[in-house]
Each structure stands twice: as structure tokens, then as C-alpha cells.
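>>> Structure for this input, please:
(chains A and B)
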Amino acid sequence: GNSVTQMEGPVTLSEEAFLTINCTYTATGYPSLFWYVQYPGEGLQLLLKATKADDKGSNKGFEATYRKETTSFHLEKGSVQVSDSAVYFCALSDNYGQNFVFGPGTRLSVLP
Amino acid sequence: DTGVSQDPRHKITKRGQNVTFRCDPISEHNRLYWYRQTLGQGPEFLTYFQNEAQLEKSRLLSDRFSAERPKGSFSTLEIQRTEQGDSAMYLCASSPQDEQYFGPGTRLTVT
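You can find the predicted model right below:
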């Protein structure tokens, strides 16, 4: 079945550091790929998405590129802020948009 | 606020009791999902509705769990004869197509 693997956290960075959170997936067909973020005390929010190979999703300075050849969707940000501290979840849906699978989440802490 | 709402936000119940949670999706979304999330884990898919039809159910959804979405609007998730292992956050999400919008969740504690 479909699955998502994320790098284990927690990840602790200083403000303005470069961020990469690795995500790889296993899926049949042509899944859509997502990053969701959960800020402390809040619900999950969609951060960005990509629906086909080589697409780049971007939002709030975060980017991720759908790499079919490496089955990856790594999340990057050039300069993190304290306000980016949250848990980040990589997810995929099948090509019908019905079956969603989430990774275990990676906790990011950004120190001032 | 036109986001996804869930009620109650917290529920404490004794083992063996039945509980029911409600989810009100964004009104124009025809897809509705239920997930369970435990501490340190990502959401685990439970079930999916397209309008009023329940199209997918996870193996995680034992016979004690039942979900409905009458008239394709709000949805309820009932857990019968609760067990301590049912303690978790229950999340609802709605979707117009492939993007999901999550509610705040209902935290269930079974004592």
C-alpha cells in the first residue's frame, strides 16, 4: 500500500538557518503530494502541494518539488523564523484524491 | 468563520460507554474524512464520504466504530463500548477535490 516516510525529529535550528525536511513516498499511480503544518495548539493546515512530477509547490517561503525519479518531496526554506516552529507532516493522496496517507510528522524548533 | 468545526472539543468518558462526535464541513465541500491522531504520530485515515456515500473504511475502523453523513452535510462518528486504546484526537477534514481542510479535532480520553 501507499506510505510516507519523513526524517525523524526534532529538528532544532537557529533563526535564519536553512531548513530541509526529507520526505519520501511509496505509491502506485500518480499521487498528489502535500505538506501540512500544525502550529502549537492549532489544527493541521495545508502548507503547499504538488499534483504531478516536477511541479514545485511554494508558500510562505517554503518550497518542495515533486521528484518522481527519487519518489521524494523534500521541504525547504532558505531562512527560518521563530514563528516557523511547528510540526510538519508530509502526505500523499491517490490519483482519485480519496486515500490520504500521512507521515509521522517532524517537529521543528527555531531558536532566536 | 466558515471553516470545519467539530463538537465537542474534548470528551472524557468511562470505559464501556458510547460516545458520538460531530463534524460540520465547509458547506460547498462534498468530500469528508475522519482521522485518528495519537501523540507523536500523523493522522491515520478512518473513513471517507463523498456526499452521503461512505466510500472507504480503514481496517482500523472496528465494528465498534460507525460513521454517518446524512444528506451529505454534517457527519457523526460514534464509538460504542469505548476502550482505553480509543483515547486519541479525532480529526475531521473536508475537501472540494484534493486539498483537505481540517477541523480543530475532538480529544477523547477514556478512563
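>>> can we go C-alpha only for contacts and neighbour counts from here?
OK.
>>> Enumerate the residues of chain A near chain B.
A:32, A:42-46, A:89, A:93, A:97-105 (Cα under 8 Å from any Cα of the partner chain).
>>> Among the residues you listed, which lie within helices?
The helices, defined by DSSP state H, take in nothing from the residues of chain A next to chain B.
>>> For the chain, give me the ranges with low pLDDT.
Here I'm looking at chain A. A:95-97 (pLDDT under 70).
>>> if you could check chain B rather than the one you did, that'd help
Ranges of chain B meeting pLDDT under 70: B:1.
>>> Show me where it has its strands.
Taking DSSP state E, the strands of chain B run over residues B:5-7, B:10-13, B:19-24, B:31-37, B:44-50, B:53-57, B:65-68, B:75-79, B:88-95, B:101-102, B:106-110.
>>> quick one: the last one to strand B:19-24, angle?
Think strand B:106-110. 180 degrees (axes from the mean of the first three to the mean of the last three Cα atoms, to 10 degrees).
>>> could you dump the strands of chain B to TSV with distance to chain A?
Shown next, in TSV, are the strands of chain B (distance: least, Cα to the nearest Cα, whole Å):
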stretch	distance to chain A
strand B:5-7	11
strand B:10-13	13
strand B:19-24	14
strand B:31-37	9
strand B:44-50	7
strand B:53-57	8
strand B:65-68	17
strand B:75-79	17
strand B:88-95	9
strand B:101-102	6
strand B:106-110	11
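>>> okay, those strands in a markdown table with mean neighbour count and distance to A:Thr20 next?
Formatted as a markdown table, the strands of chain B follow (neighbours: other Cα atoms under 10 Å in any protein chain shown; distance: least, Cα to Cα, whole Å):
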| stretch | mean neighbour count | distance to A:Thr20 |
| --- | --- | --- |
| strand B:5-7 | 21 | 32 |
| strand B:10-13 | 14 | 35 |
| strand B:19-24 | 20 | 35 |
| strand B:31-37 | 24 | 24 |
| strand B:44-50 | 22 | 24 |
| strand B:53-57 | 15 | 34 |
| strand B:65-68 | 18 | 38 |
| strand B:75-79 | 19 | 37 |
| strand B:88-95 | 25 | 27 |
| strand B:101-102 | 23 | 25 |
| strand B:106-110 | 20 | 31 |
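>>> A:Ser58: which of those is closest?
Proximity to A:Ser58 (Cα to Cα) singles out strand B:101-102 among the strands of chain B, at 17.6 Å.
>>> now the strands: where do they sit in chain A?
A:3-6, A:11-14, A:19-21, A:23-26, A:32-38, A:44-50, A:56-59, A:62-65, A:75-77, A:86-93, A:100-102, A:106-111.
>>> could these be laid out in CSV, adding mean neighbour count?
As requested, the strands of chain A are exported to CSV (neighbours: other Cα atoms under 10 Å in any protein chain shown):
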stretch, mean neighbour count
strand A:3-6, 18
strand A:11-14, 16
strand A:19-21, 18
strand A:23-26, 19
strand A:32-38, 24
strand A:44-50, 20
strand A:56-59, 16
strand A:62-65, 21
strand A:75-77, 20
strand A:86-93, 26
strand A:100-102, 23
strand A:106-111, 20
